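Visitor: turn this into a model:
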Amino acid sequence: MAQVSRFTCDEASALDPARIVVLYAQLGQVAAEHVISTTMEDIAQHLVAIEKSAKAHQWAKMIADLELMIALAEQIGLSSMVLVAQDLQSCIDANDHIAQAAVLARLMRLADRSLTEVWDLGDLRL
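Guide: The predicted model follows:
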């Protein structure tokens with residue numbers, strides 16, 4: 001008889017709060033908040049595009065959106081998202097569709113937590 005196991009994915013996001021502090025110091029509160037919110041919206045749009053590209057098997061478009069999303073995530077200190085997105089690029093390059101699906105799901109879970117964490121950090125008004 002087969003036994004079914006249930007796994008929960010509870011990976012903590014890695015946010016570099018120092019990057020947020022630098023943005024506030026360089027740009028001031030209003031401009032930094034604008035940059036952060038705009039960047040987060042852009043990341044969310046790229047994530048949607050990445051999912052659509054994956055479903056349509058448009059690997060080149062998926063890679064292009066991943067590269068843009070990585071640059072945006074680096075800008076606001078989302079280091080875990082950067083690493084997972086780079087892992088996804090490696091899966092696409094290796095033509096490993098099973099690993100790609102798993103890493104894409106991981107990226108989406110991590111993005112949800114990471115973007116929420118940035119919003120929460122922004123509420124602190126650094």
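
Visitor: do a quick rundown of the helices in the chain.
Guide: 17-27, 29-55, 59-75, 79-93, 97-122 (DSSP state H).

Visitor: same list, the ones you listed, but as TSV with distance to Q3 and mean pLDDT please.
Guide: For glycine as for every other residue, the C-beta is placed from the backbone atoms N, C-alpha and C. Formatted as TSV, these follow (distance: least, C-beta to C-beta, whole Å; pLDDT from 0 to 100):
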stretch	distance to Q3	mean pLDDT
helix 17-27	42	90
helix 29-55	31	94
helix 59-75	36	96
helix 79-93	29	96
helix 97-122	22	87
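
Visitor: out of these, flag the one nearest A2.
Guide: helix 97-122 (20.7 Å; C-beta to C-beta).

Visitor: and that closest one, how far out from the chain's middle?
Guide: Centroid separation for helix 97-122 versus its chain: 5 Å, with C-alpha atoms, centre = their mean, to the nearest Å.

Visitor: one step back: okay, the helices of the chain in JSON lines with distance to A2 and mean neighbour count next?
Guide: Output for these, formatted as JSON lines (distance: least, C-beta to C-beta, whole Å; neighbours: other C-beta atoms under 10 Å):
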{"stretch": "helix 17-27", "distance to A2": "45", "mean neighbour count": "14"}
{"stretch": "helix 29-55", "distance to A2": "30", "mean neighbour count": "16"}
{"stretch": "helix 59-75", "distance to A2": "35", "mean neighbour count": "18"}
{"stretch": "helix 79-93", "distance to A2": "28", "mean neighbour count": "19"}
{"stretch": "helix 97-122", "distance to A2": "21", "mean neighbour count": "17"}
